[in-house]
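Enquirer: Okay, predicted coordinates and the sequence, questions at the end:
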Amino acid sequence: MNFSLDSIIGFISIYGVKLIGAVLIFYIGKIVAKFLKNFSKKAMQKAKLDETITKFGGNVIYGGLMLFIILAALSTLGINTNSFIAVLGAAGLAVGLAFQGTLSNLGAGVLLIFFRPFNVGDFINGAGESGVVEEINLFSTLLKTGDNKQIIIPNSSIIGGNITNFSAKDTRRVDFIFGIGYDDDLKLAKTTLEEIINADERVLKDPAPFVAVSELADSSVNFVVRAWVKSGDYWGVHFDTLEKVKLTFDEKNISIPYPQMDIHQDK
């Protein structure tokens with residue numbers, strides 16, 4: 001095929017201008033997209049949004065703008081973008097079906113970040129696991145257990161079940177049940193429990209501690225003891241009180257019944 005000089009010049013004049021226009025659209029559009037990304041991130045940071053939300057939102061804005069810019073550049077070159085959009089939509093659907101679980105975790109991560117049922121540093125129970133929250137990312141939540149193990153839980157598992165946040169409130173109630181024998185001095189036992197609870201400076205005065213007989217069981221008279229403490233003192237008060245009650249009951253000859261079994265042997 002022979003090309004005349006005029007046809008070559010005509011081709012260059014037409015498509016050269018389109019190519020230059022497409023390059024300019026892409027280059028300038030990319031600069032604008034970066035500017036808008038940074039602007040939106042600064043706006044979200046100024047609004048004191050979580051860092052994860054800030055990064056995610058900025059990336060979504062930048063990605064959406066770049067897709068629009070690329071389509072605009074291709075359209076300037078004379079390429080039919082309708083078919084390209086259709087293929088892109090079909091590919092997106094296929095990817096969405098293939099990564100359905102991942103997208104579910106992503107959506108759950110966004111909900112956790114926006115609605116904040118817990119924060120980093122909180123002690124929670126979620127998806128059947130308990131620990132201190134170390135990190136909340138878009139796909140999973142990282143917990144640290146009391147024995148320093150790390151548990152990675154998919155966000156969809158957490159958002160799909162009950163969440164118990166033990167750190168959400170400033171105070172918690174410590175509940176105990178102590179049993180004494182039927183032959184023991186009930187008033188002495190009650191007074192002893194009240195003295196032990198009231199002597200602990202970590203126990204709050206308001207609401208006041210509560211000690212009462214809760215049950216006349218098969219082999220013991222059971223007391224319920226309830227004391228309000230700061231959330232950070234919960235386990236310290238729990239363990240110390242158990243030890244103190246046992247030692248004090250031993251000193252005052254107050255028995256703590258335990259299950260017994262009588263075995264009868266026929267002669």
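Expert: Good, I have the coordinates.

Enquirer: which residues touch P117?
Expert: Counting by C-beta atoms under 8 Å, 6 or more residues apart in numbering, P117 makes contact with I163, N165. Where you see a C-beta, it was placed from the backbone N, CA and C, and this is true even at glycine.

Enquirer: T192 versus the residue lying closest to F176 once chain neighbours are set aside, what's the distance?
Expert: In this structure, F176 finds its nearest non-sequential neighbour in V225, 4.1 Å apart by C-beta to C-beta, 6 or more residues apart in numbering. Using C-beta to C-beta, to the nearest Å, we find V225 at a distance of 11 Å from T192.

Enquirer: just V60 next, same as before
Expert: Distance of V60 to T192, computed by C-beta to C-beta: 63 Å.

Enquirer: What of T171?
Expert: 25 Å.

Enquirer: Tell me the buried residues in the longest helix along the chain?
Expert: Looking across the chain with DSSP state H, the single longest helix is helix 17-46. By neighbour count with 16 or more other C-beta atoms under 10 Å, helix 17-46 contains the buried residues K18, A22, I25, F26, G29, A33, K37, S40, K41, M44.

Enquirer: so which one among these has the lowest pLDDT?
Expert: The lowest pLDDT within the buried residues of helix 17-46 belongs to K18, with 72.

Enquirer: List the contacts of that residue.
Expert: For K18, the contacting residues are T76, L77, G78, by C-beta under 8 Å, 6+ apart.

Enquirer: at 6 Å instead, please
Expert: K18 is in contact with T76, L77, counting by C-beta atoms under 6 Å, 6 or more residues apart in numbering.

Enquirer: and it, how far is that from S104?
Expert: 43 Å.

Enquirer: Over to V60?
Expert: Going from V60 to S104 by C-beta to C-beta gives 18 Å.

Enquirer: Which one's more surrounded, the two?
Expert: S104 (17 against 12; other C-beta atoms under 10 Å).
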